[in-house]
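Peer 1: can't give you the sequence, but here's the structure:
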């Protein structure tokens, strides 16, 4: 908002359109003459980007941890374009980022588990580490729940993919859910009494 006031100068009285600083954006707002210039209190302020989010992402108008790999280092050398944070590896990119090993979805750090090395019903932290033999392309890391509470994540089979589609034997329970890698499908779960 422009502050209007009356100033006495010499023998006359003048109307003043004095500039006022928008404390949110730090921008100076001036009178345009006929109409006031509107102030946008939601203007993105790059000066607020400090601490853990020191870089300005003008496209999304927010402060982020990095904009490129050069902004990262140590145990977190990669700038993840999903959320512009420094990480050890990117989800579903373990083969590239971790030299053939998986990327832990929860910590975004490389694991010692090779991609495609875990068989059905094995504990997992990434879709890419699930897969073994005939099921290398149909196993994904899926949350297992008990009374609505996630009790762990296991390599389970997509019901419609693979050499023999459909759930079989002790994996006869179907549930539609989303894997850690973001693939939503119907998966074959073990009998609740047996578990993995």
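Peer 2: Here it is on my side, so go on. All of these numbers come straight from a predicted model, not from anything done at the bench. Numbering: from 1, shown residues only.
Peer 1: what bits of the protein have low per-residue confidence?
Peer 2: In the predicted model, the chain carries pLDDT under 70 at residues 1-44, 132-136, 162-166, 169-171.
Peer 1: Identify the residues contacting the biggest strand by length in it?
Peer 2: When the chain is parsed with DSSP state E, its longest strand is strand 149-158. Outside strand 149-158, the residues within contact range by CB atoms under 8 Å, 6 or more residues apart in numbering are 118-125, 129-131, 135, 138-145, 167, 171, 180, 183, 185-189, 196. (Glycine included, C-beta is placed from N, CA and C.)
Peer 1: PyMOL command for the buried members of these?
Peer 2: The PyMOL selection below is limited to those of the contacts of strand 149-158 classed as buried (16 or more other CB atoms under 10 Å):
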select buried, resi 118+120+121+122+124+125+129+130+131+135+138+139+140+141+142+143+144+167+171+180+185+187+188+189+196
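Peer 1: which ones among the contacts of strand 149-158 are found in strands?
Peer 2: Checking those against DSSP E, those in strands are 139, 140, 141, 142, 143, 144, 145, 185, 186, 187, 188, 189.
Peer 1: Determine which two of these are furthest apart.
Peer 2: Spanning the widest gap among those are 139 and 145, at 18.3 Å by CB to CB.
Peer 1: How much space separates residue 94 from residue 112?
Peer 2: Using CB to CB, to the nearest Å, we find residue 94 at a distance of 11 Å from residue 112.
Peer 1: So for those two, which residues contact both of them?
Peer 2: In contact with both residue 94 and residue 112: residue 101, using CB under 8 Å, 6+ apart.
Peer 1: More neighbours: which of these two?
Peer 2: When residue 94 and residue 112 are compared for neighbours, residue 94 comes out ahead with 26 against 7, by other CB atoms under 10 Å.
Peer 1: what about residue 96, how many residues close to it?
Peer 2: Neighbour count of residue 96, defined by other CB under 10 Å: 12.
Peer 1: List of residues touching the helix or strand containing it?
Peer 2: Using DSSP states H and E, residue 96 falls within helix 94-97. Helix 94-97 is contacted by residues 78, 88-90, 100-103, 110-111, 115, 126, 128-129 when judged by CB under 8 Å, 6+ apart.
Peer 1: Buried ones among those?
Peer 2: Neighbour-count burial (16+ other CB under 10 Å) applied to the contacts of helix 94-97 gives 78, 88-90, 101-103, 110-111, 115, 126, 128-129.
Peer 1: How much space separates residue 54 from residue 154?
Peer 2: Distance from residue 54 to residue 154, counting by CB to CB: 39 Å.
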